[in-house]
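below are the sequence and a predicted model; questions follow.
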Amino acid sequence: MQTVKIVVTGPFSAGKTEFIRSVSEIDVVSTERKITAEAEKIKSSTTVAMDFGRITVDDDLVLYLFGTPGQRRFDFMWEILSEGMLGFIVMVDSARPETFREARSILETFRAYAPTPYVVAANKQDVDDAWDLEDMRVALRLDPKVKFLPCVARDKESVKKVLLELLYTILTEMESNN
């Protein structure tokens, strides 16, 4: 059986924990803590170390999903979590353009840790004020070759599509290196 480590990263409140929860076949191991009043306007808790989930794709393949903390004060965990990853997903909140610059910075940071395949997921595409994907691509300065996918982290099928696209990207890269 092949196990693949995938990291799910992105800014605070982008949907990383929800993404892992919606698809994990085990209870997600989560290190969430209550947060300050200032950030509480957005949500009441935050990941301080990591989230961990698992999904069996088939008899031969199991994905281990590691969610990173989104707050910069916990970014020391990013490099630790990136070790051994075969790919990563950058989650971006489609309705919070003020987080796009931070998402771009996180993407660059993870690319520096390991030159592994990645995809970018535009989460919360189901909300009224979600940005259009093409406008987001421009705002995030994403290369046209980068897979940029619509996502709703609460929707298992949506999450599966993002994971499958990342797996295809990883496989394509592995085949081209052989």
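Now that the structure is in, tell me what you want to look at. Every value quoted in this text rests on a predicted model; they were computed, and no experiment measured them.

in three-state terms, label residue 30 for me.
strand (DSSP: H, G, I helix; E, B strand; the rest coil).

give me every residue that touches the residue nearest to it when sequence neighbours are not counted.
Distance criterion CB to CB, 6 or more residues apart in numbering; nearest residue to residue 30, sequence neighbours excluded, is residue 51 at 4.9 Å. The way it works is simple: take the backbone N, C-alpha and C, and place the C-beta from them, glycine included. Residues near residue 51 by CB atoms under 8 Å, 6 or more residues apart in numbering: 8, 16, 17, 20, 21, 28, 29, 30, 31, 65, 66, 67.

which among these count as buried?
Buried by 16 or more other CB atoms under 10 Å: 8, 16, 17, 20, 21, 28, 30, 31, 65, 66, 67, out of these.

looking at these, which gets the smallest pLDDT?
On pLDDT alone, residue 31 ranks lowest of those, at 62.

the bottom helix or strand of this structure by mean pLDDT?
Lowest by mean pLDDT, DSSP states H and E among the helices and strands of the chain is strand 29-34, with a mean of 64.

returning to that earlier point: how much space separates the residue nearest to residue 30 from residue 26?
Separation of residue 51 from residue 26 (CB to CB, to the nearest Å) stands at 11 Å.

cool, and residue 52?
Applying CB to CB, the value for residue 52 to residue 26 is 8 Å.

check residue 65 too.
Between residue 65 and residue 26 the computed distance is 10 Å (CB to CB).

which helix runs longest in the chain?
As assigned by DSSP state H, the longest helix anywhere in the chain is helix 156-177.

check what pLDDT residue 142 gets.
For residue 142, the model assigns a pLDDT of 97.

can you tell me the SS state at it?
Under three-state DSSP, the three-state class of residue 142 is coil.

one more: the one 3 residues further on?
Recorded secondary structure, residue 145: coil (three-state DSSP).

what sits closest to residue 84 if chain neighbours are left out?
Nearest non-adjacent residue to residue 84 (CB to CB, 6+ apart): residue 5, at 5.2 Å.

nice, that's everything, thank you.
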